[in-house]
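I would like the atomic coordinates for the input below:
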Amino acid sequence: MRKLVGVVTVLLLVAGCSAGTGDAGFVDRVKGSVRTPAGGDYGSLVQVGRDVCASKDTAAETIQAWADAGFRPNEAKAIVTAAVETLCPDRKPWLKGS
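Numbers count the residues shown, from 1 in each chain. Sure, this is the predicted structure:
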């Protein structure tokens, strides 16, 4: 019984970790931080997140670019942070300059 409880706990932890990354994790992170997109489809923001991950600019420049594109400054920062933390976590050190 003890072994079963341990296995179930590990599975729940793994499931929780994987739910916080990728497209679904990104959408979950930005939902409370940005205005609802037209039609209510937050999934459309995933491409924005992918563009953030592909950016060659600094994090601050990327945030400014998205603010210039029509997002509020706090929304742009939330999108960039969520993208890095869920879609391209290997770029976390890149956020230090934002």
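
Now for the residue nearest to the spatial centre of the chain, which secondary structure element holds it?
The centroid of the chain falls nearest to Ala82 when counting by CA atoms, centre = their mean (2.6 Å). Take DSSP states H and E as the rule and Ala82 turns out to sit in helix 73-86.

tell me the mean pLDDT for that helix?
Per-residue pLDDT over helix 73-86 has a mean of 94.

And Trp94, how far from Trp66?
Distance of Trp94 to Trp66, computed by CB to CB, to the nearest Å: 15 Å. The way it works is simple: take the backbone N, C-alpha and C, and place the C-beta from them, glycine included.

for Pro73, that is, sorry about that
According to CB to CB, Pro73 and Trp66 sit 9 Å apart.

Looking at these two, which has the bigger crowd around it?
Legend: neighbour count by other CB atoms under 10 Å for Pro73 and Trp66, higher for Trp66 (22 against 12).

doesn't Ala78 make contact with that one?
No: in this structure Trp66 lies outside contact range of Ala78 using CB atoms under 8 Å: 9.9 Å.

show me the contacts for the closest residue to Thr21 other than its chain neighbours.
If the residues on either side of it in the chain are set aside, Thr21 comes closest to Thr86, at 5.1 Å by CB to CB, 6 or more residues apart in numbering. The contact partners of Thr86, taken as CB atoms under 8 Å, 6 or more residues apart in numbering, are Gly20, Thr21, Gly22, Gly25, Phe26, Arg29, Gly49.

quick one: low-confidence parts of this protein?
For the chain, the stretches flagged by pLDDT under 70 are 1-19, 97-98.
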